[in-house]
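Student: have a look; sequence and predicted model below, questions after that.
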Amino acid sequence: MIRRTRLLLTACLLLPSSIAYCQGVSEQIILQQLLDLPELQQYFHVELPGRLPIKLLQTPGMPQGLQLEKFGRPVLSLTPAQAKQQAATDYISIRKLPARTTADTLMYTLAYPIEGVLCRARFVRQKEGWVVYDYNVVEQ
């Protein structure tokens, strides 16, 4: 994971007109950190049939082409139509909260409806990049 992150950041710095790409790279790193939050791991239940790969529901505004990983496997990105067609209920939904976003702070929610879990996380920009500032996980 660290090597991939470094490669993406290096590519971001080397590409000439890459502002949009850099935002995508940053968002990919942020979303990976969100998936890897320690308190969320107990809810994935990878021991249950069909839970792998982890499925991510594509939501409006989510960058395309994300290359996220969880439990050594790529995260499967599903459109709402694909999720419905496959009768998938074990998907994760991630949304950025624009009303809580500033130049140096980003807020995201992660919902895992099949487990009744909601996570809200705040990321802050530091010299080394975006880092988790705080988060909370609640069962609904």
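Tutor: Perfect, I can see it now. Numbers count the residues shown, from 1 in each chain.
Student: give me the helix or strand of the chain that scores worst on average pLDDT.
Tutor: When the helices and strands of the chain are scored by mean pLDDT, DSSP states H and E, helix 2-14 comes last with a mean of 40.
Student: Ile30 and Val46, how far apart?
Tutor: Counting by C-beta to C-beta, to the nearest Å, the separation of Ile30 from Val46 is 23 Å. Placement of C-beta: from N, CA and C, glycine included.
Student: so those two - more neighbours on which side?
Tutor: Ile30 (20 against 12; other C-beta atoms under 10 Å).
Student: OK, contacts around the more buried one?
Tutor: Ile30 makes contact with Leu106, Tyr108, Phe123, Trp130 under the criterion C-beta atoms under 8 Å, 6 or more residues apart in numbering.
Student: could you measure from it over to Thr105?
Tutor: Distance from Ile30 to Thr105, by C-beta to C-beta: 12 Å.
Student: so what sits against both of these two?
Tutor: Phe123.
Student: now do the buried residues in stretch 35-44.
Tutor: Leu35, Leu40, Phe44 (16 or more other C-beta atoms under 10 Å).
Student: among those residues, which one sits closest to Leu57?
Tutor: Leu35 (13.3 Å; C-beta to C-beta).
Student: contact partners of stretch 85-95?
Tutor: Residues contacting stretch 85-95 (C-beta under 8 Å, 6+ apart): 31, 34-35, 50-51, 54-57, 59, 61-62, 78, 82-83, 108-114.
Student: only the buried subset of those, as a PyMOL command please.
Tutor: Applied in PyMOL, the following selects the buried portion of the contacts of stretch 85-95 according to 16+ other C-beta under 10 Å:
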select buried, resi 31+34+35+54+55+56+57+62+78+83+108+110+111+112+114
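Student: out of the contacts of stretch 85-95, list just those in strands.
Tutor: In strands, judged by DSSP state E, the following of those are found: Lys55, Leu56, Leu57, Leu78, Tyr108, Thr109, Leu110, Ala111, Tyr112.
Student: let me see the contact set for the residue most central in space within the chain.
Tutor: In the chain, the C-alpha nearest the mean C-alpha coordinate belongs to Leu31, at 2.6 Å (C-alpha atoms, centre = their mean). Leu31 makes contact with Leu66, Leu68, Ile94, Tyr108, according to C-beta under 8 Å, 6+ apart.
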